[in-house]
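what's the 3D shape of this:
(one chain, ligands or ions: 2)
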Amino acid sequence: MSKDVILTGLRANNELHIGNYLGALLPIVDMARTKSSEYQINLFIPDLHSFTTPIDHSKLQEQIMQNLRVFAAAGLPLDNDNVYLYRQSYIPAHSELTIILNSFTGFGEMSRMTQFKVKGSKVVALPVDELKKILNKPRFEASVGLFDYPVLMAADILLYKAKYVPVGDDQSQHLEFTRDIAGRMNNKFGDLFTVPKSVKEQHAFFGKDQGLRIKDLQDPSKKMSKSNDSDKGIIFMTDSPEEAKKKIMSAETDSLAKVTFDPENQPGISNLLQIHALLSNQAVEESTKQFTGQTKYGEFKAEVAEVVAKFLGEFQDSLSKVDDNTLQSKLESSEKSMNEVAQNTLAKVQKAVGLR
Ligand code: ADP
Ligand code: TRP
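Ligands and ions are numbered 1, 2, ... in the order given. The predicted structure is shown next:
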């Protein structure tokens, strides 16, 4: 019996921040370290997804390599044969399956996708000067690539028969679409695809980490995100420990003068407690207990800043030791094996739809 597959992709549009690290990377790296005897782990860079909204293409290669190094520095075991690390565009079956699935996907269905509505309108709504800067062109429209994003994502998942796909809430709709299109194709053509578990089942499987949302330090009502306007509320994995400390020290808090974990009434303080707990490898209750009675936010922040700085220092030390040759050979061996698996699934689909 082959192992159940746990699969996820992290885009390489920008530097990764501690929200990506704690919410997405660490859970899958932990799985890879502790569960690889039971599951196959696929971690990949959806590089074709990275320019569904405009980017600086001259930086993409380096950003991909940098993010791969971050995966390794986060502890992804590169020497484990049950762990596969690859780039989407190196496996042509992703693109080919997308083209086929496109013809079984409704226009209306894609138009309803929240991400398309949000990111599409954001791009269109940019001031003309901004657009010119990004594109060096006077006009820009939301791309067909952005519209088709979920179909490519479905292909990413279905090619490898993945059952478990850890993603953030914002991607749940795409996962549900993957289940829909898989079911639809199976009804029409027989058992072609493994349908991934429902979002609810995924949450049960991955436990608490799934709902994690680290907040922007400057505006704790928003999640920490690469897309936020200012970098001041974001701690990037490559920020120097000193820079990170400053960001923590100037984090938005409140005037209640007490340290409690109460995301609703004390979102800024709760966010800092959450970060403190995760980086200290302890439950948030423990961190909260540690600071109970503290009335001076400056002192509390300084302790959080210390934990963050220590973590970043150690992380960046590991990052500087990542050997690109080891990474490169892991990519090559994974891409070779995954090309075979993906090609196999694609061949079944091509046969089913009458292309072979
Ligand atoms: P961003 O919003 O920074 O562009 P992405 O949408 O590319 O991040 O998300 C990449 C992964 O990181 C997703 O699985 C997402 O759920 C996770 N993630 C992003 N931001 C956070 C956050 N603030 N807290 C926890 N997890 C996050
Ligand atoms: N859309 C995901 C994100 O923005 C990235 C992604 C692309 C992905 N293909 C995937 C995640 C397949 C899981 C499975 O975070």
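
which element follows the host helix or strand of Ile269 toward the C-terminus?
Of the helices and strands defined by DSSP states H and E, Ile269 is found in helix 267-279. Later in the chain than helix 267-279, the nearest helix or strand by DSSP H and E is helix 284-291.

now the helix or strand following that next one, how far from the chain's geometric center?
Later in the chain than helix 284-291, the nearest helix or strand by DSSP H and E is helix 297-321. Chain-centre distance of helix 297-321: 22 Å, with CA atoms, centre = their mean, to the nearest Å.

average pLDDT across helix 297-321?
For helix 297-321, the mean per-residue pLDDT is 97.

now do stretch 343-356
98.

Enumerate the positions of that stretch that are buried.
Buried positions in stretch 343-356, judged by neighbour count with 16 or more other CB atoms under 10 Å: 343, 345-346, 348-350, 352. (C-beta placed from N, C-alpha, C; glycine too.)

Ligand 2: which of those residues is nearest?
Distance to ligand 2 across those (CB to the nearest ligand atom) is lowest for Thr345, with 14.5 Å.

what does this structure put close to ligand 1?
10-11, 19-20, 22-24, 167-168, 170, 212-214, 223-227 (CB under 6 Å from any ligand atom).

and ligand 2, which of these contact it?
Restricting those to those touching ligand 2 (CB under 6 Å from any ligand atom) yields 11, 167.

Inside helices: which ones of the residues of the chain next to ligand 1?
Counted as lying in helices by DSSP state H, out of those, are 19-20.

Could you find the closest non-adjacent residue to the closest residue to ligand 2 within the stretch 201-350 of the chain?
Nearest residue of the stretch 201-350 of the chain to ligand 2, counting by CB to the nearest ligand atom: Lys226, 10.3 Å away. What sits nearest to Lys226 in space, not counting adjacent residues and going by CB to CB, 6 or more residues apart in numbering, is Asn14, at 4.2 Å.

mind checking the SS state of the one you found?
When classified by DSSP: H, G, I helix; E, B strand; the rest coil, Asn14 comes out as coil.

residue contacts, the residue of the stretch 51-200 of the chain found nearest ligand 1?
When scored by CB to the nearest ligand atom, the stretch 51-200 of the chain has Gly168 as its residue closest to ligand 1, at 1.8 Å. By CB atoms under 8 Å, 6 or more residues apart in numbering, the contact list for Gly168 reads 23-24, 213.

mind redoing it with 10 Å?
By CB atoms under 10 Å, 6 or more residues apart in numbering, the contact list for Gly168 reads 19-20, 23-24, 210-213, 223, 225.

and if you look at Leu327?
Leu327 neighbours (CB under 10 Å, 6+ apart): 65, 68-69, 71-72, 76, 78, 85.

just Gln274 next, same as before
With contacts defined as CB under 10 Å, 6+ apart, Gln274 is in contact with 22, 212-215, 261, 263, 284, 287-288.

Just the buried ones from these, in PyMOL syntax?
Command for PyMOL, covering only those of these found buried under the criterion 16+ other CB under 10 Å:
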select buried, resi 22+212+213+214+215+261+287+288
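
longest helix anywhere in this protein?
Under DSSP H, the chain gives helix 324-352 as its longest helix.

Pretty sure Pro213 sits against Ala24.
Actually, residue 213 is Arg. It isn't Pro. No. Assessed by CB atoms under 10 Å, Arg213 is found out of contact with Ala24, at 11.4 Å.

With pLDDT added, can I get the contacts of Gly168 in JSON lines?
Compiled in JSON lines, the contacts of Gly168 are given as follows (pLDDT from 0 to 100):
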{"residue": "Gly19", "pLDDT": "93"}
{"residue": "Asn20", "pLDDT": "91"}
{"residue": "Gly23", "pLDDT": "86"}
{"residue": "Ala24", "pLDDT": "86"}
{"residue": "Gln210", "pLDDT": "53"}
{"residue": "Gly211", "pLDDT": "68"}
{"residue": "Leu212", "pLDDT": "82"}
{"residue": "Arg213", "pLDDT": "88"}
{"residue": "Lys223", "pLDDT": "91"}
{"residue": "Ser225", "pLDDT": "87"}
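
Can you tell me which of the residues of the chain next to ligand 1 are classed as buried?
Neighbour-count burial (16+ other CB under 10 Å) applied to these gives 10-11, 19-20, 22-24, 167-168, 212-214, 223-225.

Among the residues you listed, which one lies nearest to Gln328?
Nearest to Gln328 out of those is Leu10 (CB to CB; 18.5 Å).
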